[in-house]
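In: Predicted model and sequence below, questions to follow.
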Amino acid sequence: LGGTLTVNGIAAGNANIVVRDSAGASTTVAVTVTAAGNVALFTTAPASITVALGAAPGYSVGGGTGPYTATSSNTNVATVSLLGGTLTVTAVAAGDANIVVRDSVGMSTTIAVTVQPAGNLALFTTAPASGVTVALGTSLSYTVGGGSGSGYLATSTNIGVVGATLTGTTLSITGAAVGNARVVVRDSAGGLVTVNVLVGATPVAVTPSVATGIIDDVLIATITGGTPPYRSSVGNTLVASATVQNSNELRIKLLQVGQTIVTVLDANNQSAAYSVTSSGGTPGIRLSPSAVAVSEFDNLPIFFTVFGAAPGPINVFSSDVTRLTATIDQLTQKVTVTTGTSGNRCVSGLIFPPTLDVKITVVDSTRASAVTTVTIQGNRSPCP
């Protein structure tokens, strides 16, 4: 650049740089490029470092012969990552560890790491003090910290009911069988915390979980799973009221136009949500609710009520009897929808997750009709 000559080393070896002017005069510069391996492997980290709990300082790695690798002698105390020439050490728990950095020909350098303890912070877990409820066959994860900052241990008072494992500072609680147990977490200094765990047979659920009706309708849903007795809570009491009857029957009365969530809770505060939309009334025959949604895995019956029908017999039809069939009680004018002739409600399609709308139609003695829609929500594709 102008009168400045810049020479870049590309690979180890010798070369001559020839410089010429416009008149043909020249001069030669002999260049020797030194192999990278002639520079010892190094890191900008000191031979020993002290790191605060949770800190993640970064350093550079160079020399030797790349690519480089880095390992920790105790990942419960400190973990390490190496991206290109950038080395990051993360302090996980109080204690000591050695970080070893190696190049591709076996040269190595070691960093001694001391992680300072968490100080006066008491041993803790993010699991709620009131205890946790976990469904059978599922797991919940929480964080453990404080205390001595190292040597955490988790045990279950009944491993046949509740499993407990600790990976670093992550506590996993697994429901193995229906029942109760305690998970005890200890640190190396003898501190401990206890988590009460209840394993339920299945999560509480409501069928259907979504419905649309009109003012003054009474919607009926079935509650399953969890641990009875059940109770209900309404998000907006101006839109709807809700009660639990006959131990597992949720009855919702629509009071005014709007939308709200009705929450069903069991004895252990497991919950399931029922989304309700209330609209203005229209004269004539109708079915309530006017639309519901269910999972394809849900084989519980679905209930509807006929309003405004003329005196006389009422007929009911399903648009897809393989998925859903419908019957009506002429006295109460209640429609019951159950799983169809195929024995399941599985749906499939090109779009995932697939859905299928099944129309349930009632016709009174004057041939007036009303329709409700059951939307089956698929969770697998294709069907077995």
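Out: Yep, that arrived. Numbers count the residues shown, from 1 in each chain.
In: Now residue 259: closest residue in space, sequence neighbours ignored.
Out: Once flanking residues are discounted, residue 259 sits nearest to residue 277: 4.7 Å by Cβ to Cβ, 6 or more residues apart in numbering. C-beta here means a position set from N, CA and C on the backbone, and glycine is covered the same way.
In: In terms of helices and strands, where is that neighbour?
Out: strand 271-279 (DSSP states H and E).
In: Dump that strand to CSV, restricted to CA.
Out: Extracted in CSV, the C-alpha atoms of strand 271-279 (Å, rounded to 0.1, in the frame of the first residue of the first chain):
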residue,chain,number,x,y,z
SER,A,271,-56.6,-28.4,37.5
ALA,A,272,-58.2,-28.6,34.1
ALA,A,273,-59.7,-25.7,32.1
TYR,A,274,-63.0,-25.5,30.3
SER,A,275,-63.4,-22.6,27.9
VAL,A,276,-66.9,-21.3,27.6
THR,A,277,-68.4,-18.8,25.1
SER,A,278,-71.9,-17.4,25.7
SER,A,279,-73.8,-15.7,22.9
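In: Can you name the residues in contact with it?
Out: Contacts to strand 271-279, defined as Cβ atoms under 8 Å, 6 or more residues apart in numbering, come from residues 203-206, 208-215, 217, 219, 221, 223, 225-226, 239-240, 250, 252, 254-265.
In: hang on, residue 270 packs against residue 204?
Out: Yes: between residue 270 and residue 204 there is a contact under Cβ atoms under 8 Å: 4.5 Å.
In: what's the overlap in contacts for those two?
Out: Contacts common to residue 270 and residue 204, judged by Cβ under 8 Å, 6+ apart, are 225-226.
In: How many neighbouring residues does residue 196 have?
Out: Counted with other Cβ atoms under 10 Å, residues neighbouring residue 196 total 17.
In: Check which helix or strand it maps to.
Out: In this structure, residue 196 sits in strand 192-200 according to DSSP H and E.
In: related to what we said a few turns ago, and the residue nearest to residue 259, how far is that from residue 375?
Out: Distance, residue 277 to residue 375, using Cβ to Cβ, to the nearest Å: 13 Å.
In: can you pull the contacts of residue 334?
Out: Here residue 334 is in contact with 303-306, 328 (criterion: Cβ under 8 Å, 6+ apart).
In: Repeat the analysis, applying 10 Å as the threshold.
Out: By Cβ atoms under 10 Å, 6 or more residues apart in numbering, the contact set of residue 334 is 220, 303-306, 327-328.
In: Just the ones of these in strands?
Out: Counting by DSSP state E, the part of the contacts of residue 334 found in strands is 220, 303-306, 327-328.
In: From those, keep the buried residues only.
Out: 220, 303-306, 328 (16 or more other Cβ atoms under 10 Å).
In: still on that earlier bit, pLDDT on the strand holding residue 277, on average?
Out: Strand 271-279 shows a mean pLDDT of 88 in the predicted model.
In: Stretch 129-144 too?
Out: 79.
In: what's near enough to touch the most centrally placed residue in the chain?
Out: Nearest residue to the geometric centre of the chain (Cα atoms, centre = their mean): residue 140, 10.0 Å. Residue 140 makes contact with 127, 132-134, 171-175, 195, 197, according to Cβ under 10 Å, 6+ apart.
In: Show me which of these is closest to residue 94.
Out: residue 171 (17.7 Å; Cβ to Cβ).
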